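S.K.: got a predicted structure here, sequence first:
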Amino acid sequence: MSPLSHVNTVVLFARLKLRLMAGNLRGDLQRKLGFIFTLVMATGLAALGFFLMSLLRLAPPDIASSLVIVAFAFFLFAWMIVPLLAFGLDDTLDPAKLSLFPLRTRTLAVGMFTASVTGVWPAAMLIVTFGALIALPANAGGVLLGVPAVLLQFALCVVTSRLITTSLSSALRTRRGRDVLAVAALLVVVLAQLPNLVMNRNLGDPEAMLHQMAALLRWTPPGMAAHAIADGGLIGLAELSFLALLVVALGWLWIKALSRALITPDVSTQAASVRRETGLVDRILPDGPLAAIVTKELKYIRREPRFRVGWFSAVVVTLVLSFSLSGSAEGPPGQGQPIVIATVGALMIALQSGNTFGIDGRSLWMNAVTFGSERSLAGDLAGRHLANALVAVPLLAVIAVGAGLFAGHPGAILPAMLAAWGALGIGLGVGAVTSVVLPYSVPERMNAFSGAAPGQGGQAFASSIGAMLGITLLALPFVVPIVLGFVWVCVVAPFYGLLAEVLGRRLAARIGFARMPELVGAVSKAS
Amino acid sequence: MTDAVRTHGLFKRYGQQVAVAGVDLVVPAGSFAGLVGPNGAGKTTTLSMITGLLRPDGGSAEVDGFHVWRDPVEVKARIGVLPEGLRLFERLSGRELLLYAGRLRGIPKSEVEQRASELLAVMDLAGAADKLVVDYSTGMRKKIGLAAALLHNPSVLFLDEPFEGVDPVSANTLTEVLQRFTASGSTVIFSSHVMDLVERLCDWVSVMSAGHIVAQGPLEDVRGGRSLNQAFLDLVGGSAQGREAGLTWLGAKAKETP
């Protein structure tokens, strides 16, 4: 057989990618709806992005060029990290799947490049980037240089993103690598909040800041692409030549990394031993199923990346909220603020238990073949709640103390603490019910964009909204009086919370035991 | 002799497709029973319904005379299960997993610790006992899964494809443990499509095809003088017809004629 020509390769891989996309949709209504949603979103964002970009034409040229420089740099950054966090969304990403075919590395590189530019999001990206062609050029030369500049910027994004995923692919295929990456997904959550915080703090003049940032990014490759369009002269031409060389160099590096990745075997994870348990829980609890469940749950909170992500993000969201609350309010913060912050912290922590069987996932059968009665399921829930509370109660105390001191109301610490504990109890009770009514699978491979297995997004959404509404409604009876000044109500809160937990757990065990097989099925969906 | 497992018209459909179409499975107590059938015959679905992991659309199942869906407490105390493809609690070490499984059933901790150590030693897992299950190989997973299923000394053990992807040494360990288990009067039911293994181990065979039991009884009766493999092919209809046509290009001789 003759080797494929480049044109053939491009056509072949583009068709392969389209087939894969179509095959993913076959027969599953929810996925089809999801894809239509993606399509609408991407089209909308492409149109909006293009429109906004071209609107910059009306802005003063220096502001327009600064904005485009920042935007181009941001695009490159996004291309560098998003595929890492979403690793596993795209079947063509993993070169190992193609390694058995008799393809030359160069053919493979062209093919993988084609596959990665074929898709809804890359197309939307290209359209938005083309908006710069309307925004920036000051003369005919700018338009002339603009087309290659936009294409080069796009190629730069794609090649850089491929280079990064390929060189990390062997690490990503080990368990440890994926564990680390899962927690790294949190960084994005924090980064996404940065502009929000900066705006709230009113740090300086936005225009001056923009120019500062642009001056910094001006000499980065995406900055050069943007500048070349605005410049349109010889300097622009030089910049583009440099950019083209850079793309080729990165492409070469990528091919090297690819051929290395294909012949380097999977490094099997060096299995580390874990310490034998010290039996701390056993000293407190009587021997039995409850102690076993608490022990197991505490180990999972420590060892399972999805748990770590959940807890970290609960704390991070609380911190971000407290900063923005104290930043936006006029004058000194009120006495109710620490109470609100600690209660929201409790809500965030409790929401993790809104799908408590989800992380057990395909291992839940081990419990299902053991539980012969409602009582054993109730015991399971109790163990999970106890483990959660063992971490959450001290953590909420720390949050309450921190928020009280930060707001300058040490007197509010105790009410905040009690209210938060009450909210936690309510959260666990409501979460137990949503866990059995709306269970869904949590994917093993975390990515920052989806918290549920394909096709269960709606269930996950309904579950978290339901839990949030339920907790808020049940917490209002004591949160409102406390914030209004009847602080003594907080004494009742922990007892009220405990009552909610007990009732929620009983109800959940009754519902859950009756539909145990369905529960196991719902959390065992392939993801 | 009472039956360890008896089902009546067990039925399950997924949408349009009928996975199990009225299965009457019978396994006498104390037997080492093999459930054989081609891929997609409904073996896994049947075992899941008998062990209470999947709700049947019709029919009933009994274990040791107790109704699976009406007497869950009695049934679940008597069965041990090793499903196929489902996971164990991966972030526990092998020893922790056994401790969890045993204590979840209410066995005192000291007792579980002793049983777990013995099981780990017999399964040749003592060296990996403190490593996380997520880092185990397929053979190690099957062994730790079997250990967890045996921990509470069940009277009926259900194993779905216990030998799939297991190396010969581990498979030998598994069979030795299982043979000791049935010699004491307990029952083992396992699904497989490795006929040699079933022929070597089992004294009772049920053959499934397309959601039905097509033959069932003592090994000798089902085999009827043939090898079990031949009997199986005759029963499920794996004839050589239609395989002669086509594929003329395949093989060394085909290369000579372009």
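M.R.: Looks like it arrived, so ask away.
S.K.: C-alpha only now, for contacts and for neighbours.
M.R.: Will do.
S.K.: now the element after the lowest-mean-pLDDT helix or strand in chain A, going C-ward?
M.R.: Least confident helix or strand, chain A: helix A:175-201 with a mean of 65, by mean pLDDT, DSSP states H and E. Once the chain leaves helix A:175-201, the next helix or strand it forms, by DSSP states H and E, is helix A:206-217.
S.K.: by contact count, what packs against that following helix?
M.R.: On a contact count with 3 or more C-alpha pairs under 8 Å, 6 or more residues apart in numbering or on different chains; DSSP states H and E, helix A:206-217 meets helix A:61-85.
S.K.: who's in contact with the helix it packs on?
M.R.: In this structure, residues lying in contact with helix A:61-85 by C-alpha atoms under 8 Å, 6 or more residues apart in numbering or on different chains are A:53, A:56-57, A:129, A:132, A:135-136, A:153, A:156-158, A:160-161, A:164-165, A:181-182, A:185, A:207, A:210-211, A:213-215, A:217-218, A:220, A:222-224, A:226-227, A:230, A:446-448.
S.K.: could you look up the SS state of residue B:189?
M.R.: Reduced to three states with DSSP: H, G, I helix; E, B strand; the rest coil, the structure at residue B:189 is strand.
S.K.: any of the contacts of helix A:61-85 buried? List them.
M.R.: Buried residues within the contacts of helix A:61-85, counting neighbours by 16 or more other C-alpha atoms under 10 Å in any protein chain shown: A:53, A:56-57, A:129, A:132, A:135-136, A:153, A:156-158, A:160-161, A:164-165, A:181-182, A:185, A:210-211, A:214, A:217-218, A:222-224, A:226-227, A:230, A:446-448.
S.K.: does the helix or strand containing residue A:505 come close to chain B?
M.R.: Residue A:505 belongs to helix A:493-514 when elements are defined using DSSP H and E. No - using C-alpha under 8 Å from any C-alpha of the partner chain, we find that helix A:493-514 stays clear of chain B, coming within 10.2 Å at best.
S.K.: what about the longest helix along chain B, average pLDDT?
M.R.: Criterion DSSP state H: the longest helix present in chain B is helix B:168-183. For helix B:168-183, the mean pLDDT works out to 90.
S.K.: what packs against that helix?
M.R.: If contacts are counted by 3+ C-alpha pairs under 8 Å, 6+ apart, helix B:168-183 sits against helix B:138-150, strand B:187-192.
S.K.: mean neighbour count and distance to chain A added to those, as JSON lines?
M.R.: Putting those into JSON lines (neighbours: other C-alpha atoms under 10 Å in any protein chain shown; distance: least, C-alpha to the nearest C-alpha, whole Å) gives the following:
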{"stretch": "helix B:138-150", "mean neighbour count": "23", "distance to chain A": "9"}
{"stretch": "strand B:187-192", "mean neighbour count": "24", "distance to chain A": "16"}
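S.K.: residues contacting residue B:167?
M.R.: Counting by C-alpha under 8 Å, 6+ apart, residue B:167 has contacts residue B:139.
S.K.: how many neighbours does the residue in the stretch 351-500 of chain A that chain B sits nearest to have?
M.R.: In the stretch 351-500 of chain A, the residue that lies nearest chain B is residue A:372 (4.0 Å; C-alpha to the nearest C-alpha). Number of residues near residue A:372 (other C-alpha atoms under 10 Å in any protein chain shown) recorded here: 21.
S.K.: in space, what's closest to it - neighbours in sequence excluded?
M.R.: residue B:73 (4.0 Å; C-alpha to C-alpha, 6 or more residues apart in numbering or on different chains).
S.K.: that neighbour against residue A:375, yeah?
M.R.: No - contact between residue B:73 and residue A:375 fails when scored by C-alpha atoms under 8 Å: they sit 10.8 Å apart.
S.K.: after the strand ranked longest in chain B, which helix or strand is next?
M.R.: Secondary structure of chain B per DSSP state E: the longest strand is strand B:3-14. Remark: after strand B:3-14, the chain's next helix or strand is strand B:17-23, criterion DSSP H and E.
S.K.: strand partners of that next one, parallel vs antiparallel please.
M.R.: Strand B:17-23 sits in its sheet next to strand B:3-14 (antiparallel), going by DSSP bridges.
S.K.: what angle sits between the strand it pairs with and strand B:187-192?
M.R.: Per axes from the mean of the first three to the mean of the last three C-alpha atoms, to 10 degrees, the angle that strand B:3-14 makes with strand B:187-192 is 40 degrees.
S.K.: I'd like to know how many residues surround residue B:40.
M.R.: For residue B:40, using other C-alpha under 10 Å, the count is 14.
S.K.: and if you look at residue A:323?
M.R.: Residues near residue A:323, counting by other C-alpha under 10 Å, number 17.
S.K.: any bit of the helix or strand it falls within sitting next to chain B?
M.R.: Assigned by DSSP H and E, residue A:323 falls within helix A:305-328. No - counting by C-alpha under 8 Å from any C-alpha, no contacts exist between helix A:305-328 and chain B, the nearest distance being 9.9 Å.
S.K.: which helices and strands does the next helix or strand after that helix pack with?
M.R.: Heading C-terminal from helix A:305-328, the first helix or strand you meet, by DSSP H and E, is helix A:336-351. If contacts are counted by 3+ C-alpha pairs under 8 Å, 6+ apart, helix A:336-351 sits against helix A:305-328, helix A:374-407, helix A:413-437, helix A:457-484.
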